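> Quick check, what structure comes out for this input:
(chains A and B)
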Amino acid sequence: MNEKDTSNTSSSNEKNDTPVEKKSLKERSSRGSGKSLKERSSRGSGKSLKERSSRGSSDSSGESSLKSKSSLSSRSSSSRRRGSRKKKPNQIPAGMIVAGLIFLVAILLLNVSPTVSLFWMIGIGFGFILQRGRFCFTASMRDPYLTGSTTLTRAVLIAFAITTVGFAAIKYGYAANGLPMPGMGYVVPISAATIIGSFMFGIGMVIAGGCASGTLMRLGEGFQMQIISLTFFVIGSLWGAHDFGWWKYNVISKGKAIFLPDVFGWMGALTIQLGFIFFLYYVARRYQESN
Amino acid sequence: MNEVVVDCYGEACPIPIVKSEKALADMAVGDLLIVQIDHSCAMKNVPEWAREQGYNVEVEEIDDGEWEVFIEKTK
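Residues are numbered from 1 along each chain as shown, chains lettered A, B, ... in the order given. This is a model prediction of the structure:
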């Protein structure tokens, strides 16, 4: 019908709107850089870029010969996708039911063993925080190199600082009362094997798209590619467990186990460890600012 | 203004950024890049990276767990 007319008006609209939109975009990006993505997108000010792209698709019908191939195909696919967005049923009732079931299982497990019930709740809480907080050990090690952002690196360092204080308090509590300290089985020898092993783990987790907790969390939220990661994560763990005795006897036990409070005393160990973490935090911050 | 769509469905965290970086390198100033992702971490990662680069960025959830990140190449 009036295809030519509509294309003309839309393209003239685009010319008129562009500078205004650009200004508003710039304002927004400088103003709202600290805000979360959700906030920004739900605020509704996010129109301009999307509008521009959909307007672009309407004018492409008139000027298709001028546009490049990739832009045409992209337009049709993106506008089709946007058009097919369906109204989804409210998920809150389902969430309530799942939350209720989680507590029900916790209560049932309480009859079996309080410890198992506690593990169940801690595990669910840990997964929930990982998923909602986008906390990712892989990204904390990878992003400084890839994007120059050390936000997650610093989040991990804060977590280390908090656990340092918490574990020191627990262990000191036991030691002060003359009781055997819990968790001393994890004071294991360090050697070059630690460095080589952690480097290998780092390569693996970046390729797999997640470390152990990240893989489980992403599989839980439905990212199916992680099934591959999880499969080989299980195979690798079993293989590792199978051969661990040999490695422990021939390699790991050659190193030296160091428990910092034995060397520096409780306050010294705490000061050194926290000081080192804060030093790394400072370096991470400066690194991000320098980019 | 050209539009380029990068299909990153099923790709885990660093891949969308690497693909976007390569796509942006071939684009002219003012072009629009649309990155399609279904990885929740990339949904945080890609916009953050692009904003750090100084581009205009918008995110739209087009379906449950599927996003389109709009990146305008501004420089």
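> Can you check the pLDDT for A:L280?
For A:L280, the pLDDT comes out at 94.
> Which of the three states applies to the residue of chain B found nearest chain A?
In chain B, the residue found nearest to chain A is B:A12; the distance is 2.9 Å by Cβ to the nearest Cβ. For the C-beta atoms, the positions are set from N, CA and C on the backbone; glycine is no exception. Recorded secondary structure, B:A12: coil (DSSP: H, G, I helix; E, B strand; the rest coil).
> what residues are up against it?
A:208-210, A:218, A:223, A:225-226, B:39, B:41-42 (Cβ atoms under 8 Å, 6 or more residues apart in numbering or on different chains).
> Near chain A, which residues of chain B are found?
B:1-5, B:10-14, B:17-18, B:32, B:34, B:36, B:38-41, B:43-45, B:47-49, B:51-52, B:56-65, B:68, B:70, B:72 (Cβ under 8 Å from any Cβ of the partner chain).
> Narrow these to those in helices?
Residues from the residues of chain B next to chain A lying in helices, with DSSP state H as the criterion: B:14, B:17-18, B:40-41, B:43-45, B:47-49, B:51-52.
> Next, format the residues you listed as TSV and append distance to A:V283.
Converted to TSV, those look like this (distance: Cβ to Cβ, whole Å):
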residue	distance to A:V283
B:P14	22
B:I17	23
B:V18	25
B:S40	29
B:C41	24
B:M43	28
B:K44	23
B:N45	22
B:P47	26
B:E48	20
B:W49	21
B:R51	23
B:E52	18
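> Pull out the buried members of these.
Neighbour counting with 16 or more other Cβ atoms under 10 Å in any protein chain shown marks B:14, B:17, B:40-41, B:43-45, B:47-49, B:51 as buried within those.
> so what does the helix or strand where A:I196 lies touch, helix or strand wise?
When elements are assigned from DSSP states H and E, A:I196 belongs to helix A:192-208. For helix A:192-208, the elements it packs on are helix A:137-146, helix A:226-250, judged by 3 or more Cβ pairs under 8 Å, 6 or more residues apart in numbering or on different chains; DSSP states H and E.
> what's the closest of those to A:A99?
Closest of those to A:A99 is helix A:226-250, at 24.0 Å (criterion: Cβ to Cβ).
> Which one of the contacts of B:A12 is nearest to A:G240?
Closest approach to A:G240 among those (Cβ to Cβ): A:A208, at 15.2 Å.
> Give me the buried positions along the longest helix seen in chain A.
Across chain A, the longest stretch assigned as helix under DSSP H is helix A:260-290. Residues of helix A:260-290 classed as buried: A:260-261, A:269-270, A:273, A:277, A:280-281, A:284, A:288 (neighbour count, 16+ other Cβ under 10 Å).
> How about stretch A:126-142?
Neighbour count says stretch A:126-142 has A:130, A:134-142 buried, by 16+ other Cβ under 10 Å.
> which among the contacts of B:A12 end up buried?
Buried by 16+ other Cβ under 10 Å: A:208-210, A:218, A:223, A:225-226, B:39, B:41-42, out of the contacts of B:A12.
> which one of the residues you listed is nearest A:P180?
A:G210 (35.6 Å).
> What angle do helix A:137-146 and the longest helix of chain A make with each other?
Counting by axes from the mean of the first three to the mean of the last three Cα atoms, to 10 degrees, helix A:260-290 points 50 degrees away from the direction of helix A:137-146.
> Now the residue in the stretch 151-291 of chain A positioned nearest to chain B. Its backbone dihedrals?
Going by Cβ to the nearest Cβ, chain B is nearest to A:G209 of the stretch 151-291 of chain A, at 2.9 Å. Main-chain torsions, A:G209, degrees, to the nearest 10: phi 80, psi 20.
> who's in contact with it?
Counted by Cβ under 8 Å, 6+ apart, A:G209 has contacts A:138, A:215, A:218, A:225-226, A:229, B:12-14, B:39.
> separation between it and A:Q224?
Relative to A:Q224, A:G209 is positioned 12 Å away (Cβ to Cβ, to the nearest Å).
> same thing with A:N177?
Distance from A:N177 to A:Q224, by Cβ to Cβ: 50 Å.
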